[in-house]
Structures are given as structure tokens and as C-alpha cells.
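Enquirer: Got a predicted structure plus its sequence, pasted below:
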Amino acid sequence: MQNRNTAARWLVLGTMAWAAMAMNAQAAKGAGPSVRPLDAPQPPAGPGPGASTVKAWQDRKFGMFIHFGLYSVAGGMWQGKRVDNGYSEQIMANAPVPLKDYEALAAQFDPVRFDPDAIVALAKAAGMKFIVITAKHHDGFNLFHTAQTPYNTVDGTPYRKDIVKQLAQACARGGLQFGVYYSTIDWHHPGGNTYIEGNSNPITPQQEAFNVAQLKELLGHYGPIAEIWFDMGKPTPAQSAHFAQTVHALQPQTMISGRVWNYRGDFAVMGDNSEPDVGMELPWQAPASIFPQTWGYRSWQVRDDLPGKIRENITRLVRVVSQGGNYILNIGPEGDGSVVPYEAQVLQGIGQWMKRNGQAIYATTRQPFPALDFGYATQGRDALYLFVDKPPADHRLHLKGVKAAAFGAAYRLGAPASTVAVSDEGDGVSIDLDALHGWPATHSDLADFMPVLVLPLHGTLRVRPPALPADAQGQFALDATHAEHFLNYNGEGYEAPATLYKLAWTVDAKAPSYRVNIEVRAPTASARMDVWVDGQRHAWSPGQGALHIRRAPGALGQPMQVELTPVAPFVQGTALPVEVQRVSLVPEH
């Protein structure tokens, strides 16, 4: 299923370039501060990040996550034994540890080796543009000075300092964006939560009020917050809205993670250490830990194959960015506040690669091609970047479907002196790697790992996507199982399945007019959809019969994009109202 969706995604994404002008001309009215195409979900109404803020957030691409707290003192151990059934930052639940015994860790919490400026310097050395730290995790312990409970680093530990404030100030000095993680569940809050499977705890009214009071402190006392990373719990839609509105009332430009739930986030969050396998239209982020088994410090974690771990995370970064997402990579400092040397070495290794290749990462957009046999691609304002993971057997990089683009001579990023012409192949272009002096033949050294080729762009890059062919009569039978599926993420809670909001196909249409028939399963009289053809919207409801579509003269000769969505404008979380089985296109003369 993943391979089918991946292939279908590129049928759609390539054609979107043809329809972009028509889609962007139709701005959604009254649906939030940022303008999105009408065939995409609109943000919730009210204050929120503007388009420039969203773009700046997307341009950062790579950031640091920090999981730090009382669990760092335990380090994955309890009463001399390893606790290996779950993440170490949840050791209170996993051991389990009685609340009073866990609270006693606060008396040991004195992270004298916590050096916020050194952490900022490490993040910058890795090529990271932002940092997010756990202001409060599920255990309820607070790394900031809160008036809501003495269970915090200032009032409840020998350290007596505000860690969130120290790091916020260090980020400001170092020029990095700063964000905070905030768990909406709290195992320490009176009458609040105890551990349940999946951490999908309901939020009590008392805990809701407690959370809102803390959000006001975080958004009011720590300077600009670039993003707030809500996590877990199963709030009601009203509670999710309350949390999001509290944040945006104080700092409208703060980006809220999708794990505020009920589709109230400003960016979607993938599952832990996961990436999407379908098309993504909204801003999104992939969270990952250097060791997927834990986010908090684990003293007994096996830390080996440093070069392999560096390459693994470079590859994940490139893969995420090539799909248009942001990558946030976690470290878990030790209980004394020091960064684990192995984790620092991983980040430094990534940074060595980023010094040469970061231009192909930052401020780029997703690759405009189907899955590439040699690796990945990103697109900058004036260049196309090709990440060569697996050099082809013929030592030529082939890019199918490139149209109406003039390329300058290609070169390896960081070595502009040796160049090679981009060859026109009629149905695309190719680049001869053997013509580049010193082009690496292996990935034996980190310096040569996944080298990047730069193709300077002169003019607008247009890529003709692969398109589904017609049958002998020029007709199309578009099965829903072969469409690209676009999904709503971050619904009721972590366990809520993603819901379908769009189906899309790209077809090699030749005729100027088509009759469109839509077959659905068990339609209701109230079900209505929009049918989009080449970016033009047509209303549809069950029982109305076929649609008659005439293509715009400028679209003739180009692949035709067909989409089914809820009636526009529709907000995040709106699902396609019917189960579509098939769409047929019959040419009319």
C-alpha cells in the first residue's frame, strides 16, 4: 500500500504545478490568518500564524528536541534494575514507581552541568535552527518556575534555577528559535491523571484550568515562543480549542503542534520516529530520537556504530525534507545536565555534512519528481538539488518529465569548479556523473556520504508528471484504491486514525470535454462534495447525475488533475463525506 500511495502521490504533486495559479487565486475567506488553496483544509478561525510565519517555520527544516527532567536522574533504572518496557522518560509509569518515591528524585535534581549556551552551540554546530525543550512531561515535573505548583526546578530542587528561562535566553543570544514541549496530562496533578495505555487520558476541568494557567505563564514570561509542542491526553474539542486559543491570544505567531488534538494545530505531527507515506499539503514535522527506544536519558543504552548513526539521521533528514517536512531530532541529557557524549558526536557528524550541504536543505520545497531511483531532491529558489544515495549503474542521473526549464552547468555542492552540462533527453534531462572531476564513487567517508548535485535554474521549473492512460475509447475508470489519498492527522488523540479528506488522480486527457460519473457506496441525501478539474471547482451531490466538464483552452495538451474534496472552504479535520468507489471520465464531442 505504501508503494501504491507513493506512486500516486507523484502523479498528483507534479500536476499541482499546472493548476497552482488557479488554485491560489481562490483565497479562503474568514477561515484563519493564513491563505491556503481552497481544495486544502483551512486553519481554524481566529488569531494564528500568518503566511510569512508559516513559511519561516517551514524553512528551518532541522531542529533539536530535548527531553530532560526527573526521569533523567533515574536514567532508565529503578532499585538497581533496568526498566525496559517503554520510554525511560515514562519510568514512573513503566516501573511502576509510587508517586512519593518518584517525587523524592526532586531532592537529587541538581543539574550543575546543564550549560544552555553549550547546548545552543551544539545545535548550531549540527546545523539546527531551533530548540524545543520539555517544559513539563507526563510526570508533572516542571522545568520552569510556575506559580501553579512547587513541583518545579526553582521551588522543589536544590538546583533552584529556571531551566526553560536559561535555555530561552541562550537561544536568543545564539540566534536560534525557541519552543517548549507541554504535556496536557499530568500524573502528579491532584485529581488529574494516572497512567493508562497509550496515555489517552481525559482532561478534567480542574486540570484544564491548571494547564491554561501554565500556558499563560509560558507564553507570557519567556519571550517569543516559536512553537509549542503539545503532547498526549485526549482532550475534548472544546478543551483543544481552549488550549490553542490561549496560546494564540498571547502570541498569535506561535506554531502549535497537532498533538493539541482535534485538528487545532498549526502543523501536523507524525507518530514517534515515523514519516508519512501519503501526500502532505499542510505544514508537518517528523519527531525522532537518536535511539527510538527512548527519548529520556537511558544509562544502559547500547551506543555503538557512530558513523552508521550519523548516516542514518542524515538520511532521515533528507527524506523528510524532500517530502516538504521539518525534522526534529531528540537528545536526552544525563541527570547532571550534561549532554551524552555519543549524542553530541552524532550531532557534530551531521553538522559536518550540513556545512557542505545545508544549502540544499534550508528554505527548500519538496521534490517535484516521482520517487527517484538514485535518491532524493529538493528545490530552492534558483536551483534544483539532487541527493545521490545510490548512484545508477550507468552513472547518469535521469530526471523524467522536465519541461520549460533552462539549467546552468551542474556541479557538486561545495565544489563549483568542476561542472557538467545538463543533457536534454526529450522526455527529460540527464547528468553524466563521470564528467565531474573527483565525483565520489563510494560512501566510505562521511564527507562523501549522499553527495549533492546542484542544477542552477534559469526560469521556472516545470515537471510533467506521469499520468494514467486512457483506454482504447479514450475513457478513464479511476478506481479510488489507486488515487492519491490526502489525510487529516491529529484528531481526537494519539490512537485516532487519520481520516480521508481528498482523493486525487492525474490523467493523460486528450479531449476538450468530459462527462464525469462518480460512484459512491451508500450515499446519503445530504452528502455533497466538490469535484475539481484542473483547479476549477464543480459542485456534486448524489442523485444529480453526471457532470459535464469543459477544460480551459490553456489546459489542453497538459495532464488533467481530478480531485474530490468536501465542499470548500472546509476546515482541518473535515472528512470526505462519502465513500468513493470509482470516477469515470467519458470524452464528449
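Expert: Yep, that arrived.

Enquirer: Show me the helices in the stretch 151-300 of the chain, by range?
Expert: Listed in chain order, the helices of the stretch 151-300 of the chain (DSSP state H, counting those that start in this stretch) span 163-174, 205-221, 237-250.

Enquirer: Compare those and give me the one nearest R462.
Expert: helix 237-250 (37.6 Å; CB to CB). Using the backbone N, CA and C atoms, a C-beta is placed for each residue, glycine as well.

Enquirer: pLDDT of that closest one, averaged?
Expert: The pLDDT scores in helix 237-250 average 98.

Enquirer: Counting by contacts, list what that helix packs against.
Expert: Contacts defined by 3 or more CB pairs under 8 Å, 6 or more residues apart in numbering; DSSP states H and E place helix 237-250 against helix 205-221, strand 255-256.

Enquirer: next one: that helix to chain centre, how far?
Expert: Centroid separation for helix 237-250 versus its chain: 21 Å, with CA atoms, centre = their mean, to the nearest Å.

Enquirer: roughly how far is stretch 252-268 from the heart of the chain?
Expert: 12 Å.

Enquirer: buried ones in that stretch?
Expert: Neighbour counts over stretch 252-268 (16 or more other CB atoms under 10 Å) mark 253-268 as buried.

Enquirer: Stretch 242-254 too?
Expert: 242-248, 251, 253-254.

Enquirer: do stretch 495-502 as well
Expert: Across stretch 495-502, burial judged by 16+ other CB under 10 Å covers 498, 500-502.

Enquirer: of all the residues you listed, which comes closest to Q367?
Expert: Taking CB to CB as the measure, K502 is the one of the buried residues of stretch 495-502 closest to Q367, at 20.3 Å.

Enquirer: in the sheet, who's paired with that closest one?
Expert: Here K502 shows beta-bridge partners F486, assigned using DSSP bridges.

Enquirer: let's number from 55 now, not from 1
Expert: From this message on, residue numbering opens at 55, which makes the last subject K556.

Enquirer: can I assume N139 is in contact with N148?
Expert: Yes. Contact status for N139 versus N148: in contact at 5.3 Å, counting by CB atoms under 8 Å.

Enquirer: So which of these two has more stuff around it?
Expert: Taking neighbours as other CB atoms under 10 Å, N139 and N148 compare with N148 leading, 18 against 10.

Enquirer: check contacts around the more buried one.
Expert: 137, 139-141 (CB atoms under 8 Å, 6 or more residues apart in numbering).

Enquirer: Separate out the buried members of these.
Expert: 137, 141.

Enquirer: can you put the contacts of N148 in TSV and add secondary structure and distance to D240?
Expert: Output for the contacts of N148, formatted as TSV (DSSP: H, G, I helix; E, B strand; the rest coil; distance: CB to CB, whole Å):
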residue	secondary structure	distance to D240
V137	coil	21
N139	coil	22
G140	coil	18
Y141	coil	17
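
Enquirer: re earlier: what's the closest of the helices and strands packed on helix 291-304 to T200?
Expert: If we rank those by CB to CB, the stretch that ends up nearest is helix 259-275, at 5.6 Å.

Enquirer: can you dump the C-alpha coordinates of that closest one into PDB?
Expert: C-alpha atoms of helix 259-275 as PDB (Å, rounded to 0.1, in the frame of the first residue of the first chain):
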ATOM      1  CA  PRO A 259     -12.000  20.500  34.300                       C
ATOM      2  CA  GLN A 260      -9.600  21.200  37.100                       C
ATOM      3  CA  GLN A 261      -6.600  20.100  35.100                       C
ATOM      4  CA  GLU A 262      -7.800  22.100  32.100                       C
ATOM      5  CA  ALA A 263      -7.700  25.200  34.200                       C
ATOM      6  CA  PHE A 264      -4.200  24.300  35.600                       C
ATOM      7  CA  ASN A 265      -2.900  23.800  32.100                       C
ATOM      8  CA  VAL A 266      -4.300  27.100  30.800                       C
ATOM      9  CA  ALA A 267      -2.700  28.900  33.800                       C
ATOM     10  CA  GLN A 268       0.600  27.300  32.900                       C
ATOM     11  CA  LEU A 269       0.300  28.100  29.200                       C
ATOM     12  CA  LYS A 270      -0.200  31.700  30.100                       C
ATOM     13  CA  GLU A 271       3.000  31.700  32.200                       C
ATOM     14  CA  LEU A 272       5.000  30.000  29.400                       C
ATOM     15  CA  LEU A 273       3.600  32.400  26.700                       C
ATOM     16  CA  GLY A 274       3.900  35.400  28.900                       C
ATOM     17  CA  HIS A 275       7.300  35.200  30.700                       C
END
